[in-house]
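Novice: Structure, please.
(chains A and B)
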Number of protein chains: 2
Amino acid sequence: MAGADGGGRVASTGGLWLGLDLGGTEIKAALLDGAGGPAGQGRAATPRAGVAGVVTALGRLAETVAAGRELAGVGVAVPGVVEMDQGLVGFLPNVPGDWAGVPLAALLTEGLQAPCTLLNDGRAATYGELRLGAGRGCRHFVLMAVGTGIGGGVVVDGELLLGSGGHAGEVGHQVLELHGPRCACGGWGCAEALASGPALVAAARAAMAQGRPTALRAACAGDGGRITPSLVAEVAAAGDPLAGELLDSLAHRLGTAAGNLVLVLNPERVVIGGGLSLAGEPLLAGIRRTLGQRIGWYLRHAPVEVVAAQLGAAAGALGAAAWARRRLGTE
Amino acid sequence: MAGADGGGRVASTGGLWLGLDLGGTEIKAALLDGAGGPAGQGRAATPRAGVAGVVTALGRLAETVAAGRELAGVGVAVPGVVEMDQGLVGFLPNVPGDWAGVPLAALLTEGLQAPCTLLNDGRAATYGELRLGAGRGCRHFVLMAVGTGIGGGVVVDGELLLGSGGHAGEVGHQVLELHGPRCACGGWGCAEALASGPALVAAARAAMAQGRPTALRAACAGDGGRITPSLVAEVAAAGDPLAGELLDSLAHRLGTAAGNLVLVLNPERVVIGGGLSLAGEPLLAGIRRTLGQRIGWYLRHAPVEVVAAQLGAAAGALGAAAWARRRLGTE
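Specialist: Numbers count the residues shown, from 1 in each chain, chains lettered A, B, ... in the order given. As a prediction, this is how the structure comes out:
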């Protein structure tokens, strides 16, 4: 079920750079030409049949999107922990299969006859926004990608922050509540457990179950199972006080997490991406308000912009391609 | 009341680098020779009479410590927000006087006839540990200096992390409790409000007031006003269960704050400094335990050491001198 719309542009210098974004349900692909401009994209379903099936699907999508053109290199965005220097998958909880230690970079290099490098998906999206999106022109920024989980990354001095082993930028598992709810990571009180899409939906269901009056009830026909983050945002935008309160509370938590990052990193910009960022200006305004309330003393000297990401769901694949160009190329 | 013990060593290349660490009660000074080695130190009381008195005292201590030798440059560690590029003091809550906008670097440059640069005191201590202490040999580390407040700083790729305006590294005001206690910064739930010396003392007093049995009561002769962080640490080391519990709780909070930083920065080392670090191994062990409990999944791929700072109370002055050498010199 792979489809592709390879762009017609020809790379101005050398071959094309391919980015693959491995997600739990879908693989996305993006091509950049030698000058770093978008040159095509594609997508395919993530097979549920384990490592070999996924590797095959990644290779097939790559070939479909490349459509016979030469690949200078390939970047793969992986939704988990990777060992960048060795090209190994470390911890990959959301893709079926036994991934620990899989030499994914080598497998794809062999299959595609092009050098391949791995990157965490949040960092890939960050690099994508840096080169092609909301981070352009920034020397210091932070991305928080808020969806089913909270990923992201950090840019310092115009470069992706890697830290000592390439694992820096894990912004979603910072603790905001010492004794907060359990998180999928095994910890508790993490931003992801408190301020992701599922946390918003759970709060909406709980409020509805308590019988609080809200237009959400009609919007989901009384079925809490049909509440989604976008539904809460829509109902809030239409003026429902409860939904507005839920979104404000989410913004307060995200703003608190953003504030923690701002204090440590002094970025010019905080970029909010992921599915939840579709809630738009009300969410961004709530984050800005929280920053002002909590760290106004700091912001007077170290101002920061809070803006929406620009690349949407393509950020990871575009970023992985740009990263391959940066890391494997001569840029 | 200025005293000095200027070392007898002569700078091997050019003049001496002076560091001044402006504290709420005391000014400390340290000299480095042209090769970056310690060459003397001194201290004086911080005048309570406002800006002019403090500037005079800084200049006098500098002259006493330099003892007629040529100064290549001066670094000043300031316990607040500074505008590094302009050499201005921004926000300085703990030193009497109207400091906002004071051109401290220019005033000292004029008085001492040597170029002068300002740096936040937590960042100065971080730079000191990087060049002369527990951060030597590290390319990525974080300092948390835990005392009356919590300061610190971040080293990335062997350099002090400055961020877009020189304000990066503010590790003590990250929020650990969304609805936690008020903090001196104006925010609430900050690490500083939950895990500093005063927070430990307040918890000890509260437990004693509740009538809980503890050797602390005898150690302070029943007077909660006499409890200090070191007293709690001593009584805990002697085996008192309540004091041990208080120290464990402090370590859990500090470990949580450290974990947040580790996830974002992937450092090789977390260095614990400040007065509280005198609690030593029990505190460090508690921090390590918390890291393992909360982010074990991450540490398996990105291990981190937790160690004590090595420069003690001299870190700020030594770091300010080393920073002057880095920023104003040709190092």
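
Novice: where do the strands sit along the stretch 51-200 of chain A?
Specialist: For the stretch 51-200 of chain A, strands defined by DSSP state E, counting those that start in this stretch occupy the ranges A:71-78, A:81-83, A:88-91, A:116-120, A:141-146, A:150-156, A:159-160.

Novice: would a markdown table of those strands with mean pLDDT and mean neighbour count be doable?
Specialist: The C-beta positions use only the backbone N, C-alpha and C, and glycine is treated the same way. Converted to a markdown table, those look like this (pLDDT from 0 to 100; neighbours: other C-beta atoms under 10 Å in any protein chain shown):
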| stretch | mean pLDDT | mean neighbour count |
| --- | --- | --- |
| strand A:71-78 | 97 | 27 |
| strand A:81-83 | 95 | 23 |
| strand A:88-91 | 94 | 20 |
| strand A:116-120 | 98 | 26 |
| strand A:141-146 | 98 | 29 |
| strand A:150-156 | 97 | 29 |
| strand A:159-160 | 97 | 18 |
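
Novice: quick one, which of these is nearest to A:Gly222?
Specialist: strand A:141-146 (27.3 Å; C-beta to C-beta).

Novice: Neighbouring strands - and their directions - for the closest one?
Specialist: strand A:150-156 (antiparallel), strand A:269-273 (parallel) (DSSP bridges).

Novice: Any chance you could list what contacts it?
Specialist: By C-beta atoms under 8 Å, 6 or more residues apart in numbering or on different chains, the list of residues contacting strand A:141-146 from outside reads A:122, A:125-126, A:129-130, A:135, A:150-155, A:171-172, A:195-197, A:254, A:257-258, A:261-262, A:265, A:267-277, A:309, A:315.

Novice: To B:Gly36, which of the strands paired with strand A:141-146 lies closest?
Specialist: Going by C-beta to C-beta, the one of those nearest B:Gly36 is strand A:150-156, 25.2 Å.

Novice: From the rest of the structure, what touches that closest one?
Specialist: Residues contacting strand A:150-156 (C-beta under 8 Å, 6+ apart): A:79, A:120-123, A:125-127, A:130, A:135, A:138-145, A:160-161, A:168-169, A:171-173, A:191-192, A:195-196, A:257, A:261, A:265, A:267, A:273-274, B:156, B:161, B:163, B:264.

Novice: Please enumerate the helices of chain A.
Specialist: A:51-66, A:104-112, A:121-132, A:191-195, A:197-209, A:215-219, A:229-237, A:241-265, A:281-299, A:315-328 (DSSP state H).

Novice: any chance of the ones you listed in TSV, plus distance to chain B, mean neighbour count and mean pLDDT?
Specialist: Below are the helices of chain A laid out as TSV (distance: least, C-beta to the nearest C-beta, whole Å; neighbours: other C-beta atoms under 10 Å in any protein chain shown; pLDDT from 0 to 100):
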stretch	distance to chain B	mean neighbour count	mean pLDDT
helix A:51-66	19	19	96
helix A:104-112	15	19	96
helix A:121-132	11	29	98
helix A:191-195	8	26	98
helix A:197-209	12	18	96
helix A:215-219	23	17	96
helix A:229-237	19	21	96
helix A:241-265	4	24	98
helix A:281-299	4	19	97
helix A:315-328	16	28	97
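
Novice: Can you tell me which of the ones you listed is nearest to B:Pro241?
Specialist: Among the helices of chain A, helix A:191-195 sits nearest to B:Pro241 (C-beta to C-beta), with 31.7 Å.

Novice: And the closest one, what does it pack against?
Specialist: Helices and strands touching helix A:191-195, by 3 or more C-beta pairs under 8 Å, 6 or more residues apart in numbering or on different chains; DSSP states H and E, are strand A:150-156, helix A:241-265.

Novice: Please produce JSON lines containing those, extended by distance to B:Leu108.
Specialist: JSON lines is the format used below for the helices and strands packed on helix A:191-195 (distance: least, C-beta to C-beta, whole Å):
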{"stretch": "strand A:150-156", "distance to B:Leu108": "30"}
{"stretch": "helix A:241-265", "distance to B:Leu108": "28"}
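
Novice: Run through the residues that contact the residue of the stretch 101-250 of chain A found nearest chain B.
Specialist: Going by C-beta to the nearest C-beta, chain B is nearest to A:Gly163 of the stretch 101-250 of chain A, at 2.5 Å. By C-beta under 8 Å, 6+ apart, A:Gly163 lies in contact with A:Gly169, B:His140, B:Val156, B:Leu265, B:Asn266, B:Pro267, B:Ala302.
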